[in-house]
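Novice: Okay, here's the prediction I keep looking at, along with the sequence it came from:
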Amino acid sequence: LNMLNAVLRSRRLLATTTNPANLAVVRRYLSQAVNDTIHISDSCAKQIHHVNTSKGYNPPKLLRVEIASGGCSGMAYKLSFVQDVEEDDCVFEHEGAKVLVDETSLEYVSGSTIDYVKELVGSSFAVVDNPHAETGCGCGISFMPKEEDP
């Protein structure tokens, strides 16, 4: 699906302009299709299914991962359930469970794993193993991006 999203973005870009400089952008989108991915753990997929079943969501909702400015370390993860896919969303799927990430947020979380973590203090969805995070907060909700990232 990520490859499809990149191809669709590329086709939209080519259809809206005749500028040859956009070829570089199209190449970037296609290369991102190979490199930009979100891993969804088995426990995350299972919990997404559980939430949809237990709350009676029909059609099932999708887990949205967004990045916002703020939090203890500068950037914060925001995870929520939504019904609709926006035009700039990339859709990732594992075992039928779907996770959405908008294009801007994907720059900060590509290569990460979305997990469902159970700890003594509670359970929650979490972004783990983020290769774009220089440091993270103990709360697990915020991070400081590496210098070369957006």
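Specialist: Alright, I've got the coordinates. Note that the structure is predicted; figures quoted are calculated from it, not measured.

Novice: where along this protein do the helices fall?
Specialist: Using DSSP state H, the helices of the chain run over residues 2-16, 22-35, 42-54, 103-109.

Novice: Pick out the shakiest of those, pLDDT-wise.
Specialist: Note on those: lowest mean pLDDT is at helix 22-35, with a mean of 51.

Novice: dump the residue contacts of the spatially closest residue to S80 that is not a sequence neighbour.
Specialist: Nearest residue to S80 in three dimensions, chain neighbours excluded: R64, at 5.3 Å (C-beta to C-beta, 6 or more residues apart in numbering). For every residue, glycine as well, the C-beta is placed using N, CA and C. By C-beta atoms under 8 Å, 6 or more residues apart in numbering, the residues touching R64 are K78, L79, S80, F81, V82, D89, V99, L100, V101.

Novice: And the closest residue to the fifth one other than its chain neighbours, how far from V121?
Specialist: Looking back up the chat, that one is V82. Distances taken as C-beta to C-beta, 6+ apart put R64 closest to V82, at 4.7 Å, once the chain neighbours are dropped. In this structure, R64 and V121 are 24 Å apart, going by C-beta to C-beta, to the nearest Å.
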